[in-house]
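Novice: Got a sequence here, can you build the structure:
(2 chains)
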Amino acid sequence: MMKRTRINELLISDDLDREVVVKGWVKTRRGNKHVGFIALNDGSTIKNIQIVVDLEEKGEEYIKDVTTGAAIQVNGTLTASEGKGQTVEVKASEVIVLGKSHPDEYPIQPKKHTLEFLRENAHLRFRTNTFSAVNRVRHNLAFAIHKYFHERGYYYINTPIITGSDAEGAGECFKVTNFDLNGAPTDDKGGIDYAQDFFGKETNLTVSGQLEAEAGAMALGQVYTFGPTFRAENSNTSRHLAEFWMIEPEVAFADINDDMDLAEDFIQYVIRFALENCKDDLEFLDNRLADEEKQLPQDKRSMPLLEKLNFVVENDFERITYTEAIDILRNCKPNKKKKFQYLVEEWGMDLQSEHERYLVEKHFKKPVILYNYPKDIKAFYMKQNDDGKTVAAMDVLAPGIGEIVGGSEREADLVKLQTRMKEMDVPEEELWWYLDLRKFGTAPHAGFGLGFERLVVFVTGMGNVRDVIPFPRTPKNAEF
RNA sequence: UCCUCUUUAGCUCAGCUGGUUAGAGCACCUGACUGUUAAUCAGGGGGUCCUUGGUUCGAGCCCAAGAAGAGGAGCCA
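Specialist: Residues are numbered from 1 along each chain as shown, chains lettered A, B, ... in the order given. Have a look, this model is predicted:
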């Protein structure tokens, strides 16, 4: 029996008038009682192949089950198309319906659906042009990430998903327990006795693999993680998920400048990879975005997707310190005219989304790396600068999505780290092993965390992280 | 968690100041058409107006509570 050929191969083939077998899902069927046209897609490309069925020979009934969504096999001949709109098509000698799709019940119609509706049909939305394109781009970005690090001598390490400490200071955790929720054993003080739980201590789903990655970097030199991350924050925004994927490189003998170089080079590399390997999909997404924004006034529209990606790849990111950013913001028009909801006045304040957006989208009009933040608004493990006021932290801000990377040089000095932990009430006992890394062969090192879904949002031009992960987990939603 | 908005046919939406039998486009079904491109044309079927309670002679519409969804904010990636 002949093997099937994938549609992406057929569409670029110039080996015509040969027997082929095609399998895929029906997008639409058109025609009359004499001839039927089927648009068929198998996921190998966003493009469909046209199947032509001679109904005078087969009879009208022959393709009555070939309806939108049905899975079919077509045996036929690859020929030059007689009609306009495509160069090749398959003249069917036999059409076999592998799986029917009842047209009355199948939710995905050959028309525009809202993203909200498709979210409720996440198991079927892969079959739409938009979501198949997004998922192919997502794959290519994931692949590019591994390729980038591998080619540069980084090791992919897997840090634990179940963690024993909640001292990492990065948001609310999901608890992991084996206790029956009605009647967990209690200790003599009336609290829950975790000593009797599966791990013998309180455990959570990881909020970050960074601390463990640091342990890897302090022996393997340069490592990265790429795994699921969980935050139990009640965040209802287009930028947050309860379960998301994060990339966390960690590099020994690197300082904050090396860290910024890495982040910039890395982001440009993976975008370039997508531009080269996802041409059709990105073109489709470029059109989709333009179409979506058609009704917006000119000044509210974002830069066309492909133009934006090429711009990011070809131009250096702007690098400014937090202090410089405050100066720019303090003297900018919206601040003076009191257009900001939070006015920028004092050094030391945390920057709000509106401020970051102003810097990226209005002032510099390109990705911006902010670094050297006040120590009081950043985490305990960041390297304290000599000025006594700032830490060597950096955030990469991208137009449209905001913070895409957060990173820092890590504090390598044991005493300084311990002092900071005391000041910030971080329990030393739980992080004894993290302190050991400073006790035995400490060295300057740096790293960052990149939210994978935010990267995919940026590259696909989708407006919501829920539409770039197949089955999003958000507050009140764990369907599928 | 806070603020704002939304919830009417399978989908996208309209529904006036509270008043008879709740509408349109698409989808679906039937028919027409010899090469279509989200095919086209004609006809047809299809409703727990998110839920609960209230006001009223009368509620899709007004009031209250709740649920779900979206946008923005906070937290962050």
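Novice: any idea how far the nearest residue to A:Pro367 once chain neighbours are set aside lies from A:Gln298?
Specialist: Excluding the flanking residues, the one nearest A:Pro367 by CB to CB, 6 or more residues apart in numbering is A:Phe317, at 4.4 Å. Quick note: C-beta positions are derived from backbone N, CA and C, even for glycine. As judged by CB to CB, to the nearest Å, A:Phe317 and A:Gln298 stand 27 Å apart.
Novice: Could you pull up phi and psi at the residue nearest to A:Pro367?
Specialist: With angles defined as degrees, to the nearest 10, A:Phe317 sits at phi -70, psi 150.
Novice: Tell me who's in contact with A:Ile96.
Specialist: By CB atoms under 8 Å, 6 or more residues apart in numbering, the contact set of A:Ile96 is A:Ile72, A:Gln73, A:Val74, A:Asn75.
Novice: Off-centre distance for the biggest strand by length in chain A?
Specialist: Longest strand in chain A, counting residues (DSSP state E): strand A:18-31. Distance of strand A:18-31 from its chain centroid, counting by CA atoms, centre = their mean, to the nearest Å, is 32 Å.
Novice: quick one: low-confidence ranges for chain A?
Specialist: Residues of chain A that meet the criterion pLDDT under 70 lie in A:165-171.
Novice: Which parts of it are helices?
Specialist: Remark: helices assigned in chain A by DSSP state H are A:7-11, A:55-58, A:115-119, A:129-151, A:210-220, A:256-277, A:279-292, A:305-314, A:322-330, A:333-336, A:353-357, A:414-423, A:432-439, A:452-460.
Novice: ranking those by burial, who's on top?
Specialist: With neighbours defined as mean count of other CB atoms under 10 Å, these peak in mean count at helix A:452-460, which reaches a mean of 25.
Novice: by contact count, what packs against that helix?
Specialist: Packing contacts for helix A:452-460, counted by 3 or more CB pairs under 8 Å, 6 or more residues apart in numbering; DSSP states H and E, involve helix A:129-151, strand A:243-252, helix A:256-277, helix A:279-292, strand A:402-409.
Novice: what about 7 Å?
Specialist: Packing contacts for helix A:452-460, counted by 3 or more CB pairs under 7 Å, 6 or more residues apart in numbering; DSSP states H and E, involve helix A:129-151, strand A:243-252, strand A:402-409.
Novice: Return the residues of the stretch 1-150 of chain A in contact with RNA strand B.
Specialist: Within the stretch 1-150 of chain A, the residues that sit near RNA strand B (CB under 7 Å from any atom of the strand) are A:28, A:30-35, A:37, A:39, A:50, A:52, A:56, A:67-68, A:81-86, A:89, A:91, A:103-104, A:107, A:109-114, A:116-117, A:119.
Novice: tell me the domain ranges of chain A?
Specialist: A:7-99, A:129-171+A:207-317+A:366-467 (automatic domain parsing).
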